[in-house]
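> Build me a model from this:
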Amino acid sequence: MKMPKTPPDQSRLWDELVPSGRLPAILQAVPGRSARGQYLHWDKLVRHPPPEGLSHEEWWFGLKVYRRMLTRSVPLQDKLGRHFQYVPADPFEESLHQIDQGAGGMIEVPDPIMNPETKDRYYVRSLIDEAITSSQLEGAATTRQVAKEMIRAGRKPRDRSEQMILNNYRTMRRIGELKEKPLTERLIFELHRLVTRDTLDDPSAVGRPRREDEPIVVDDMYGTVFHDPPPAGELPRRMRAMCDFANGKTPGEFVHPVIRSIILHFWLAYDHPFVDGNGRTARALFYWSMLHHGFWLFEFISISPIIRKGPAKYGRAFLHVETDENDLTYFILYHLHVIRRALDELHDFVKKETRRLRALEARLRGIAVLNHRQRDLIGHALRHPQHRYTIESHRVSQNVVYQTARTDFLDLVDRGLMHGEKVGKTWHFTPVSDLENRLATMS
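Numbering: from 1, shown residues only. Next up, the predicted model:
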């Protein structure tokens, strides 16, 4: 990844353009804060032709004038004490509205996620996907199939990569339990402890901030430094400020909860308070904040797979902020795009699963060895995999005698489609965990 081009110095442009009398013409030629309908950084702006009669520097100057008029400051400061800020740029309003509806309300929420008997499969899927891809972003090297097998089977990790993935999985589960709590330094340290356990070269660095004798930078294999975090001595003060921001104590004006969550993600990554595991902790903090603010569907949404499809864009979003006067708008817009794609992918996945179940139910009708009562029962079980059936419930729903209902169940147990367990005097039957695979084999 290359460092983006540094924008022209605004003070120099001001000193040159204002005395020249060019300012009115520039502001008239530049309609607003966007360029070609996008919130472009200088690094991208220079690849586009400027408005007629303007140079690229004049175009940039005009954009910055409009952006500064709408700037909103946040408590996060850089190492020189300058505040970070953002501009409510298009498509902020549209994206936030869609996220409010799609992740916080009840509009267009897929039925399987609302169904207590089927939502677990989507919950576990999102936990596993986030755990795997968040770890892969930080260098974990293992296949998705192996990682899923480890988590589902409950076996111990065989190497550091598998340990990272298991840690992330446990962290995501823990976040669901911590979402009602306010953010504290202790909670941040707990998240870091969870994501880094048994994965750091120095085990003593787990769950604690870096010390002054542990300087770190964000660089690449060629030694190019992309980020030099604030010194360790400032971390206690900065972390307290971050907790105040997360808990809504600052700033005095309203900040949309989604924007606040995204800024928290950036904040922890910028401060880089730990020797390692900062990226995973930052993403975990984002999830905590979204759930804390009532965006409950984020228990089922995974952002890291979207980020992993274009990791360079993720990195550039950070760099664009730092190279353009601490303008968080670049990172916010990038993150809003990621969230919207993650929401779309969840809905698409649920639709595909629904179509797949319907197709399986259609094939079920062609399995001649099962009678019509058994086919009805298995069709219900496909959509309610945790349901417990009794002979009496089956007898009533099918309007048959007890012996017929009992024979139906015993046959399904013999065919490996149901488990039977006697509780007291009553038999209870549940679908086998791999029911769909068993049916596919039979059909």
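> Let me know the pLDDT of Asn115.
Per-residue confidence at Asn115 stands at 62 (pLDDT).
> next one: Ala440
According to the model's per-residue confidence, Ala440 sits at a pLDDT of 80.
> How about Ala405?
At Ala405, the predicted lDDT confidence score is 92.
> Next up, the contacts around it.
Applying CB atoms under 8 Å, 6 or more residues apart in numbering, we find Ala405 in contact with 391-392, 394-395, 398. Any C-beta I mention is one placed from the backbone N, CA and C, and that applies to glycine too.
> Out of those, name the ones that lie in helices.
Using DSSP state H, 391-392, 394-395, 398 are the members of the contacts of Ala405 that sit in helices.
> Buried ones in stretch 220-236, by neighbour count?
Residues of stretch 220-236 classed as buried under the neighbour-count rule (16 or more other CB atoms under 10 Å) are 226, 229-230, 232, 235.
> Looking at the residues you listed, which one is closest to Arg68?
Using CB to CB, the shortest approach to Arg68 within these belongs to Pro230, at 24.9 Å.
> quick one: the closest one is in a helix?
No. According to DSSP: H, G, I helix; E, B strand; the rest coil, the state of Pro230 is coil, so it is not within a helix.
> Need phi/psi at it.
Dihedral pair for Pro230: phi -60, psi 150, per degrees, to the nearest 10.
> go on, the one 10 residues further on?
According to degrees, to the nearest 10, the main-chain angles of Arg240 amount to phi -60, psi -40.
> quick one on the thing from earlier: got the ones in helices among the contacts of Ala405 as CSV, with pLDDT columns?
Rendered in CSV, the data for the ones in helices among the contacts of Ala405 read as follows (pLDDT from 0 to 100):
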residue, pLDDT
Ile391, 92
Glu392, 90
His394, 88
Arg395, 88
Gln398, 87
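> which one of these sits closest to Asn278?
The shortest gap between Asn278 and any of these belongs to His394, at 55.1 Å (CB to CB).
> which ones are touching that closest one?
With contact taken as CB under 8 Å, 6+ apart, His394 is in contact with 373, 377, 400, 405, 408-409.
> go with 6 Å
Contacts here follow CB atoms under 6 Å, 6 or more residues apart in numbering; on that basis His394 touches Ala405.
> just to revisit the earlier point, closest one of the ones in helices among the contacts of Ala405 to Thr329?
Within the ones in helices among the contacts of Ala405, proximity to Thr329 (CB to CB) peaks at His394, which comes in at 59.8 Å.
> ok, Met290 to Arg47 distance?
In this structure, Met290 lies at 34 Å from Arg47, with CB to CB, to the nearest Å as the measure.
> Which among the ones in helices among the contacts of Ala405 count as buried?
Members of the ones in helices among the contacts of Ala405 that pass the buried threshold by neighbour count (16+ other CB under 10 Å) are listed as 391, 394-395, 398.
> quick one: which of those is nearest Glu16?
Among these, His394 lies closest to Glu16 (CB to CB), at 84.8 Å.
> For Pro112, give me the pLDDT.
For Pro112, the pLDDT comes out at 62.
> Distance of Ser216 relative to Gly207?
Slight slip there: residue 216 is Ile, not Ser. Distance from Ile216 to Gly207, counting by CB to CB: 17 Å.
> Between these two, which has more neighbouring residues?
In terms of neighbours (other CB atoms under 10 Å), Gly207 is the more surrounded of Ile216 and Gly207; the figures are 19 against 15.
> Touching, the more buried one and Leu191? I think so.
No. Shown here, Gly207 and Leu191 do not form a contact pair, counting by CB atoms under 6 Å, at 8.9 Å.
> and the nearest residue to Leu417 once chain neighbours are set aside, what are its phi and psi?
Leaving aside its sequence neighbours, Leu417 sits nearest to Arg438 (CB to CB, 6 or more residues apart in numbering; 5.7 Å). When quoted as degrees, to the nearest 10, the phi and psi of Arg438 stand at phi -60, psi -40.
> Next, count neighbours for Arg438.
A count of nearby residues for Arg438, using other CB under 10 Å, gives 17.
> distance of it from Gln145?
Spatial separation of Arg438 from Gln145 under the definition CB to CB is 21 Å.
> do the same with Arg173
Using CB to CB, one gets 21 Å for the distance from Arg173 to Gln145.
> Compare the two (neighbour count), which wins?
When Arg173 and Gln145 are compared on other CB under 10 Å, the one with more neighbours turns out to be Arg173, at 15 against 8.
> Nearest spatial neighbour of that one, chain-adjacent residues omitted?
The spatial neighbour of Arg173 that comes closest, neighbours along the chain excluded (CB to CB, 6+ apart), is Leu127 at 6.4 Å.
> what's around that neighbour, how many residues?
Around Leu127 there are 22 residues (other CB under 10 Å).
> And the pLDDT for it?
Turning to Leu127, the model gives it a pLDDT of 78.
> quick revisit: pick the one among the contacts of Ala405 closest to Glu325.
Nearest to Glu325 among the contacts of Ala405, with distances taken as CB to CB, is His394, at 69.2 Å.
> remind me which residues of the stretch 1-150 of the chain are low pLDDT?
Low-confidence regions of the stretch 1-150 of the chain, defined here as pLDDT under 70, cover residues 102-124.
> contacts for stretch 127-145?
Under the contact criterion CB under 6 Å, 6+ apart, stretch 127-145 has outside partners 147-148, 151, 161-162, 164-165, 168-169, 172, 279-280, 283, 302, 304-305, 308.
> Show me which helix runs longest in the protein.
Secondary structure of the chain read by DSSP H shows that its longest helix is helix 329-364.
> Run through who's touching whatever helix or strand comes next after that one.
Counting by DSSP states H and E, the next helix or strand C-terminal to helix 329-364 is helix 372-383. Helix 372-383 has contacts (CB under 6 Å, 6+ apart) with 357, 361, 364, 398, 408, 431.
> how about a cut-off of 8 Å?
Contacts of helix 372-383 from elsewhere in the structure, counted by CB under 8 Å, 6+ apart, are 115, 117-118, 357, 360-361, 364-365, 367, 370, 387, 389, 394, 398, 400, 404, 408, 411-412, 417-418, 431, 435-436, 439.
> ditto for stretch 321-333
Contacting residues not belonging to stretch 321-333 are listed as 3-7, 10, 39, 41-43, 67, 74, 78, 82-87, 89, 92, 227, 259, 262-263, 266, 317-318, 320 [CB under 8 Å, 6+ apart].
> gap between the two ends of that stretch?
Taking CA to CA, to the nearest Å, stretch 321-333 runs 11 Å from one end to the other.
> that older thread, next step: the contacts of stretch 321-333 restricted to strands.
Counting by DSSP state E, the members of those that fall within strands are 74, 83-86, 227.
> Drop anything exposed from those.
By 16+ other CB under 10 Å, these give 74, 84-86 as buried.
> Which of these sits closest to Gly32?
Proximity to Gly32 was ranked across those by CB to CB; first place goes to Tyr86, at 15.9 Å.
> how about the nearest residue to that closest one, chain neighbours excluded?
Looking at Tyr86 with CB to CB, 6+ apart, the closest residue is Leu328, at 4.1 Å.
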